[in-house]
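**Student:** Quick one, structure for this:
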Amino acid sequence: MASNPLWTRAAQLREQLHKHNFLYYVLDQPEIPDAEYDRLFQELRDLEAAHPELVTPDSPTHRVGGQPLEAFAPVRHTVPMLSIHTETSAGGAAAFDAQVRRRLDLGKDAPPIEYICELKFDGLAVNLRYENGILTQAATRGDGEIGEEVTQNVRTIKTVPLRLQGAAPEVLEVRGEVYISRPDFERYNAQQRAAGRPTLVNPRNGAAGSLRQLDPTLTAQRPLSFFAYGLGETRGWTAPATHSAVLDVLAAWGLPVSSERTVTQGAEGLLAFHRVIAEKRDALPFDIDGVVYKVNRLDWQQRLWRQQQRQNLLAREPHWAIAHKFPAQEELTVVEAIEVQVGRTGALTPVARLKPVFVGGVTVTNATLHNADEVARKDVRVGDTVIVRRAGDVIPEVVGVVLKRRPPDAQPFVMPETCPVCGSHIARPQGEAVARCLGGLCCRAQCKEAILHFASRRAMDIEGLGDKLVEQLVDRDLVRSPADLYALSAGTLASLERMAAKSATNLIEALERSKTTTLARFLYALGIREVGVATASALATHFSALEALMAADEEQLQQAPEIGPVVAAAIRAFFQEPHNQQVITRLQAAGVCWPDPVRPADSQQLAGLTFVLTGTLESLTRDEAADRLRALGAKVSSMVSQKTHYLVVGRDAGSKLDKARKMGVAVLNEAELRVFLGWQ
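**Tutor:** So this is what the prediction gives:
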């Protein structure tokens, strides 16, 4: 028999499944994702179905999971904790409905079967035993017959009631799932990272590992939750006629029951529920990997179970329920390369180039590694076998590495020192996880974003230079930096899509007008990290000249109002980059200038005053008025508050005027503002 290839393959599958059961259920250290385990299990099931002589007493298809840890007291389940048959095909619901009808001997003319549809939670199954309404014991599923006692740990879960509400049965065993919600998972990991402590790999492993902590105080630190979905042993209570009614009673007793459940009829109803949940899956606050269909009538559940036992059919999976899984969100694949992408804001992101793998319903070839710290923490290397996760439209990510499959020549990833796109220097600001390219004005990866910002209303205010046009200019390599804008001709612009001769002429005129600006607007237009409108105005006022600003060191920069170490470092790094210096020189050579010198810092007559502008001014725009006020040392805010000294109103002033009057804030119209400031 040993020489039989089928027997050899079955033995290999049994050995692998035993190993992975132990790693998954007992040690909580899985080496493969659920999808790969399901494939191995299905292959063995198919072999045994086609060749019954291959079946052995210890086959994983006849068991639920692994053995309990010796560190926990064993608990024998009075009512076995059964597993549920899994289907992944689109026809799974129809096949299940047809099998149930056949097994119940229902004819074609019989009404549709009523089902209850629930979620298939991705956590750890447990059994809670209540005696006269008091929680007395909690146990894991274990191998379905014997589990592990985890009572003290379960008592730390805030969603598990220690006492049921109202009159409770003499004995009530509640089956359900311990899990960690996504927000709780992210919060916990953020706290762990901040404290320099290990993080959880994913919510499922985190829940299982937390429940098996030998010290309950450690479990109490984990954000565990619980959902009830079924019954074990009961005494002193007559159950309702349907499973849906049972869940309603459990909820009335104070047990958490998911609201994402429904009662429906026939295969069409099952598929409709599957579609609805698939659409909202990624919006749920917890992980699921499918839905569960159950015959709703409890007497029919019992009838199917007795029939199954009489026929000596596989007792691992009851015939009255089925799990209809979604496409796998985690899969194994190999990292073929690690490259660095440069985003529109200059952020550098390591990206794993993967051997193509089908996960989450699509073929994935790339996965984000987020930043250098994450690559180091997960220790991802080229050649590694990794677990890749994809949920809905979320960018695929590498969850972890299967270290046992690491090749001997795998090398740690090192972040480059210069930008792979433009060759500019890379900086990682203190306290930030993301490294950034400093070539904001010349980096092709940042080009579109830089030009749109340069042309925006509060920057150079180049009317007619919108998203679509910028895309064409950059994609056709007509513009590589903001300086290239001023070399464009009307003829070149007119040749672009949706650009007639008149539109091209108008844009050339807008570019010409924009050449005359203010130093504050020019500084803001450069897109220096950490430099907004107010900071640009403060810099322009303090330094007066661009040359003085570009030559300033960090200590000198911090002498300007509201400029701290972080902002000063960002400004210094920007102006030190040779590529940025070259673009600024070209802009000035193209005629960009600010003829009216900014008033020196000692003439800030409005220092300490806060202004708010609202409505439409007649002789200048609100932005121009704000620039003039800032040049005199004033702070310009967008909201009226107790700190507001003056509200400047134009035509069609709205709610800000009403609020200012109620708060007693001084109100100036445009003429009064000019008199107040001595403007001509």
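**Student:** contact partners of the helix or strand hosting L523?
**Tutor:** Assessed by DSSP states H and E, L523 sits inside helix 519-525. Here helix 519-525 makes contact (Cβ atoms under 8 Å, 6 or more residues apart in numbering) with 453-454, 456, 458-461, 482, 517, 531-533, 536-537, 539-541, 544-546, 549, 592, 594, 598, 627, 630-631. C-beta: built from backbone N, CA, C; applies to glycine.
**Student:** Return the members of those classed as buried.
**Tutor:** Using 16 or more other Cβ atoms under 10 Å as the burial test, the contacts of helix 519-525 include 453-454, 458-461, 482, 517, 531, 533, 536-537, 539-541, 544, 546, 549, 592, 594, 598, 627, 630-631 as buried.
**Student:** Cross those against helices and list the overlap.
**Tutor:** Among the buried ones among the contacts of helix 519-525, the residues falling in helices (DSSP state H) are 453-454, 533, 536-537, 539-541, 546, 549, 627, 630-631.
**Student:** Looking at the residue found closest to G439 once you drop the neighbours it is linked to in the chain now. What's its pLDDT?
**Tutor:** Distances taken as Cβ to Cβ, 6 or more residues apart in numbering place S424 nearest to G439, at 2.9 Å, with adjacent residues excluded. At S424, the model reports a pLDDT of 90.
**Student:** contacting residues for S424?
**Tutor:** So S424 contacts T418, C437, L438, G439, C442, C443, E577, H579, N580 (Cβ under 8 Å, 6+ apart).
**Student:** mind putting these in TSV, secondary structure included?
**Tutor:** Output for the contacts of S424, formatted as TSV (DSSP: H, G, I helix; E, B strand; the rest coil):
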residue	secondary structure
T418	strand
C437	strand
L438	coil
G439	coil
C442	coil
C443	coil
E577	coil
H579	helix
N580	helix
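**Student:** Tell me, how many residues neighbour the closest residue to A494 other than its chain neighbours?
**Tutor:** Spatial nearest neighbour of A494, excluding adjacent residues (Cβ to Cβ, 6+ apart): A504 at 4.1 Å. As a burial measure, A504 scores 20 neighbours (other Cβ atoms under 10 Å).
**Student:** Then A590?
**Tutor:** Residue crowding around A590 was assessed by other Cβ under 10 Å; the count is 16.
**Student:** and the gap between it and E330?
**Tutor:** From A590 across to E330, the span is 53 Å (Cβ to Cβ, to the nearest Å).
**Student:** which residues of the stretch 151-300 of the chain fall in helices?
**Tutor:** In the stretch 151-300 of the chain, the segments counted as helices under DSSP state H, counting those that start in this stretch are 151-154, 182-194, 203-211, 216-220, 243-252, 266-280, 298-310.
**Student:** So which of those helices is nearest D409?
**Tutor:** With Cβ to Cβ, the closest approach to D409 among these belongs to helix 203-211: 29.2 Å.
**Student:** Sketch out the strands for the stretch 1-150 of the chain, chain order is fine.
**Tutor:** Remark: strands assigned in the stretch 1-150 of the chain by DSSP state E, counting those that start in this stretch are 74-76, 86-87, 114-121, 124-131, 134-140, 146-148.
**Student:** Would you reformat those as TSV and include mean neighbour count, mean pLDDT and distance to V386?
**Tutor:** Below are those laid out as TSV (neighbours: other Cβ atoms under 10 Å; pLDDT from 0 to 100; distance: least, Cβ to Cβ, whole Å):
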stretch	mean neighbour count	mean pLDDT	distance to V386
strand 74-76	15	92	36
strand 86-87	18	87	24
strand 114-121	23	96	25
strand 124-131	23	95	24
strand 134-140	20	93	29
strand 146-148	22	91	31
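**Student:** out of those, which comes closest to K355?
**Tutor:** Nearest of the strands of the stretch 1-150 of the chain (Cβ to Cβ): strand 86-87, 26.1 Å.
**Student:** Please name every helix or strand in contact with the closest one.
**Tutor:** helix 92-103, strand 321-325 (3 or more Cβ pairs under 8 Å, 6 or more residues apart in numbering; DSSP states H and E).
**Student:** what are the pairing partners of it, and which direction each?
**Tutor:** strand 321-325 (parallel) (DSSP bridges).
**Student:** Could you give me the buried positions within the helix or strand just after the partner strand?
**Tutor:** As assigned by DSSP H and E, the chain's next helix or strand after strand 321-325 is strand 330-342. Buried residues in strand 330-342, defined by neighbour count with 16+ other Cβ under 10 Å: E330, E331, L332, T333, V334, V335, I338, V340, V342.
**Student:** V386 is in contact with the second one, correct?
**Tutor:** No - using Cβ atoms under 8 Å, E331 makes no contact with V386, being 9.5 Å away.
**Student:** just the strands in the stretch 301-450 of the chain please.
**Tutor:** Under DSSP E, counting those that start in this stretch, the stretch 301-450 of the chain gives strands at 321-325, 330-342, 348-359, 362-368, 385-389, 397-401, 426-427, 436-437.
**Student:** So for the longest one, mean pLDDT?
**Tutor:** Right, the one you point to is strand 330-342. The model assigns strand 330-342 a mean pLDDT of 91.
**Student:** Now that strand - C-alpha only, PDB.
**Tutor:** Extracted C-alpha coordinates of strand 330-342, given in PDB (Å, rounded to 0.1, in the frame of the first residue of the first chain):
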ATOM      1  CA  GLU A 330      -4.600  36.100   2.600                       C
ATOM      2  CA  GLU A 331      -2.300  34.000   0.400                       C
ATOM      3  CA  LEU A 332       1.300  32.800   0.200                       C
ATOM      4  CA  THR A 333       3.700  34.100  -2.400                       C
ATOM      5  CA  VAL A 334       7.400  35.000  -2.900                       C
ATOM      6  CA  VAL A 335       9.000  38.500  -2.900                       C
ATOM      7  CA  GLU A 336      10.900  38.800  -6.200                       C
ATOM      8  CA  ALA A 337      12.200  42.400  -5.500                       C
ATOM      9  CA  ILE A 338      11.800  45.300  -3.200                       C
ATOM     10  CA  GLU A 339      11.500  48.700  -5.000                       C
ATOM     11  CA  VAL A 340      10.900  52.200  -3.700                       C
ATOM     12  CA  GLN A 341       8.000  54.300  -5.100                       C
ATOM     13  CA  VAL A 342       8.000  58.100  -4.800                       C
END
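**Student:** strands paired with that strand, and their directions?
**Tutor:** strand 348-359 (antiparallel), strand 385-389 (antiparallel).
**Student:** Please compute how far the shortest one lies from its chain's middle.
**Tutor:** Spelled out, that is strand 385-389. 17 Å (Cα atoms, centre = their mean, to the nearest Å).
**Student:** what comes up buried for stretch 504-514?
**Tutor:** Using 16+ other Cβ under 10 Å as the test for burial, stretch 504-514 gives A504, N506, L507, I508, A510, L511, S514.
**Student:** With stretch 579-587 instead?
**Tutor:** Buried residues in stretch 579-587, counting neighbours by 16+ other Cβ under 10 Å, are found at H579, N580, V583, I584, R586, L587.
**Student:** now do stretch 337-357
**Tutor:** Quick answer for stretch 337-357 (16+ other Cβ under 10 Å): 338, 340, 342, 345-352, 354, 357.
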